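Trainee: Here is the input, now give the coordinates:
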Amino acid sequence: MKKLFSICILFSLIIALSSCYKVHHHYITKGVWYIDAVELNGGSTNFIESFLPDFKTDTSFYKVYLLENGLVRGEYYENDSILNYFVTGEWELLNHDEIYLKADAYINGNFLIEVSAKDKMILSTLENNVSFESIGDVAMVVRISRDKPGNQADTRP
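Mentor: The predicted structure follows:
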């Protein structure tokens, strides 16, 4: 009887952990994400304005789609609607709180996922390889909002 009880507990635990993964996968792939801020090496400066040409806080935004097939698509818009450029890359949910992202010259690493609100996430890593301007490996925090642009302060303490 004890053995049967132990097997049931183990089976329940496995189902709970795998469903947590599925919940995060569904949460990530359903909707459009907007990059609110990109911070490097523990600083509070938002480098999105440096990385994206002619970025203006009030009228520019960067959309991200994480597609079911493992592709990521980023789109940079200026003046509320003009597509400046787009990029495709790849992503993979490694476990319920870690994602691999590779796109453009700015993102290439494993990021820890922190859901800070139903429509806000913080992605952080100690090692992201930024090939832009040969920056190299840096710690990075990416603050993102779901379905509409937010701002850097939304997820800062």
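Trainee: Going by C-alpha atoms from here, please, whenever you check contacts or count neighbours.
Mentor: Fine.
Trainee: Which residue ranges of the chain form helices?
Mentor: Along the chain, counting by DSSP state H, helices occupy 2-29, 48-51.
Trainee: any idea how far Asp119 is from Ser145?
Mentor: Between Asp119 and Ser145 the computed distance is 6 Å (CA to CA, to the nearest Å).
Trainee: More neighbours: those two, which one.
Mentor: In this view Asp119 and Ser145 are compared by other CA atoms under 10 Å, and Ser145 has more residues nearby, 26 against 15.
Trainee: Leaving out the residues flanking it, which one is nearest to the more buried one?
Mentor: Nearest non-adjacent residue to Ser145, counting by CA to CA, 6 or more residues apart in numbering: Lys120, 4.6 Å away.
Trainee: Do I have it right that Arg73 meets Gly89?
Mentor: Yes. If you go by CA atoms under 8 Å, Arg73 and Gly89 touch, sitting 6.4 Å apart.
Trainee: got the contact list for the residue nearest to Ser145?
Mentor: Contacts for Lys120 (CA atoms under 8 Å, 6 or more residues apart in numbering) come out as 143-146, 154-155.
Trainee: For this structure, which residues score under the pLDDT cut-off?
Mentor: Across the chain, residues meeting the criterion (pLDDT under 70) sit at 1-30.
Trainee: One more pass at 80, please.
Mentor: Residues of the chain meeting the criterion pLDDT under 80: 1-31, 156-157.
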